[in-house]
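Enquirer: Compute the structure for the input listed below.
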Amino acid sequence: MKAKILFFASIKERAGTAQLEVEIPEGTTVQGLKTYLENTNPGLERVMGNSLASINRSFALNEDPIPDGAEVAFFPPVSGGSDRIRVIALTRTDIPIEDLIQKITTPATGAVCSFVGVIRGITERDETHITKALDYEAYEPMALEKMEQIADEMQERWSDLIGIAMVQRIGLQDPQTPTVIVACSASHRDTGVFEAARYGIDRLKEIVPIWKKEIGPDGEEWVEGNYHPGRGD
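Expert: Take a look at the predicted model:
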């Protein structure tokens, strides 16, 4: 089967090209493709292991199989500065929580604080009700820009942060599914990682254009907030 490969940033420079087409065996995973690219392109040796991947513009894990005709992109973690690490993404697949924490952990890291939002099957606040599924929709280009903005705000307020990861899953999801993560790393626990993670998720709920439709035993309903962003948002 065939796949279109896209390279970005430093990986593009190491590969010597922005894109190429390859033929790979059916059932090849992202990790298998990384290994293939390292073996066939000398410039990519020992580079692909730390790279992020997407399949058809959705965040992908190493174990994900690649469908025939897919567009597969490889890129380094998005960075907000030479000594800062940033991973911002929307995904339609499982959020790789452990992998994301590893991405924002360096030899100087002594603390990582993460918030993981999980879909409730039973809501007991106010009137108790059952949720069978949530369907998340996003204005994707703007959502990514606003997530970058939030990370900028976090970095400005807590300058000791080493890394920030912010990933939101969109699409139809079942209860008990992790649907969002905001994680921060720093050298010590008293440098703002707790406060920054809380700020990040609260701000995401305010200004990132993501909506959810709640599907229950009695029908479907869009859940709307009441925060109206101002000019400074």
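Enquirer: Leu37 in helix, strand or coil?
Expert: Reduced to three states with DSSP: H, G, I helix; E, B strand; the rest coil, the structure at Leu37 is helix.
Enquirer: mind listing what it touches?
Expert: Remark: with contacts taken as CB atoms under 8 Å, 6 or more residues apart in numbering, Leu37 is in contact with Ile5, Ala15, Val22, Leu44, Met48, Phe74. No exception for glycine: its C-beta is placed from N, CA and C like everyone else's.
Enquirer: Now do the buried residues in stretch 57-64.
Expert: By neighbour count on 16 or more other CB atoms under 10 Å, the buried set for stretch 57-64 is Ser58, Phe59, Ala60, Leu61, Asp64.
Enquirer: what's the span of that stretch, first residue to last?
Expert: In terms of CA to CA, to the nearest Å, the two terminal residues of stretch 57-64 are separated by 14 Å.
Enquirer: how far out from the middle of the chain is that stretch?
Expert: Relative to its parent chain, stretch 57-64 has a centroid offset of 10 Å by CA atoms, centre = their mean, to the nearest Å.
Enquirer: same question for that stretch, mean pLDDT?
Expert: Averaged across stretch 57-64, the pLDDT comes to 85.
Enquirer: Which two of the buried residues of stretch 57-64 have the greatest separation?
Expert: For those, the farthest-apart pair by CB to CB is Ser58 and Leu61; their separation is 10.5 Å.
Enquirer: Mind listing the shared neighbours of those two?
Expert: Residues touching both Ser58 and Leu61 comprise Thr93, with contact defined as CB under 8 Å, 6+ apart.
Enquirer: Neighbour count added to the contacts of Leu37, as CSV?
Expert: Converted to CSV, the contacts of Leu37 look like this (neighbours: other CB atoms under 10 Å):
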residue, neighbour count
Ile5, 21
Ala15, 21
Val22, 16
Leu44, 20
Met48, 21
Phe74, 24
